[in-house]
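K.L.:
Pasting a predicted model and its sequence here:
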Amino acid sequence: NLVFSGRSGGAGVLGCTRMKIGVAQTAPVLLKKDATLLKVIQYIKEAGSQNVELLTFGEAFVPGYPVWLDRAGGSAFDDPLQKEIHAQYIENAVDVKGGDLEDVCSAAKSFSCALVLGVIERDRERGHSLFCSRVLYPSRAPSSQFIESSCQRMKRGWHGALVMDTVLLCIPSVPSLWVL
């Protein structure tokens, strides 16, 4: 289901143009990155058909929030079950540089829909480290390439060239990864 807020046109808060925002109220296909990304694309298409200008998904939507940590002894360091589940989590984390989000970005671009997507990101150059990231795709983007890696973001911080796109969408500056 999509929940909508606001309308297109007219002045909004701080002089920003109002926009139609959709919130995807759905669950991921837990620990199934490819299936969850297909679900994201389906929601983008539905949002585009309803003229949604910004579509949002929840935290860690791809490949899903680690709900098992509280229910299956997640702090047990040498537990075989935890190791098995964590290995699946690592394998299904989003590889930004590897192109995991290319189809999602293409869909968002074709439907002129800005996107906020919570992902668990894995930078394969950094081994098995995972990052809880929020990917933002502005609808005015000329291509679907990420501009920085997780390591570069950690070194540089969250400001600079990214702020301009944040202002264009009238969304407060937040620690997020912009797709351009």
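P.N.:
Looks like it came in fine.
K.L.:
Spatially, which residue comes closest to residue 43, not counting chain neighbours?
P.N.:
Using CB to CB, 6 or more residues apart in numbering and skipping residues adjacent in sequence, the residue nearest residue 43 is residue 24, 4.8 Å away. For glycine as for every other residue, the C-beta is placed from the backbone atoms N, C-alpha and C.
K.L.:
ok, now residue 53?
P.N.:
residue 19 (4.2 Å).
K.L.:
Pretty sure that neighbour sits in a helix.
P.N.:
No. Residue state for residue 19 (DSSP: H, G, I helix; E, B strand; the rest coil) corresponds to coil; a helix is not indicated.
K.L.:
pLDDT-wise, which helix or strand of the protein ranks last?
P.N.:
Between all helices and strands in the chain, the lowest mean by mean pLDDT, DSSP states H and E belongs to helix 162-169, at a mean of 32.
K.L.:
thinking the residue nearest to residue 43 is in contact with residue 55, fair?
P.N.:
Yes. Counting by CB atoms under 8 Å, residue 24 touches residue 55, with 6.4 Å between them.
K.L.:
between those two, which one's more packed in?
P.N.:
residue 55 (27 against 24; other CB atoms under 10 Å).
K.L.:
Quick check: next helix or strand after whichever strand or helix holds that one?
P.N.:
Applying DSSP states H and E as the criterion places residue 55 in strand 54-56. Counting by DSSP H and E, the next helix or strand C-terminal to strand 54-56 is helix 68-71.
K.L.:
Around residue 58, count how many other residues there are.
P.N.:
17.
K.L.:
what do you get for residue 54?
P.N.:
Residue 54 has 23 nearby residues by other CB under 10 Å.
K.L.:
what sits against it?
P.N.:
Neighbour list for residue 54: 19-22, 113-116, 139, 169, 171 [criterion: CB atoms under 8 Å, 6 or more residues apart in numbering].
K.L.:
Look up how far residue 113 lies from it.
P.N.:
Computed as CB to CB, to the nearest Å, the residue 54 to residue 113 distance reads 7 Å.
K.L.:
shared neighbours, these two?
P.N.:
residue 139.
K.L.:
For this structure, just list every one of the strands.
P.N.:
2-5, 21-24, 54-56, 114-122, 130-137, 177-178 (DSSP state E).
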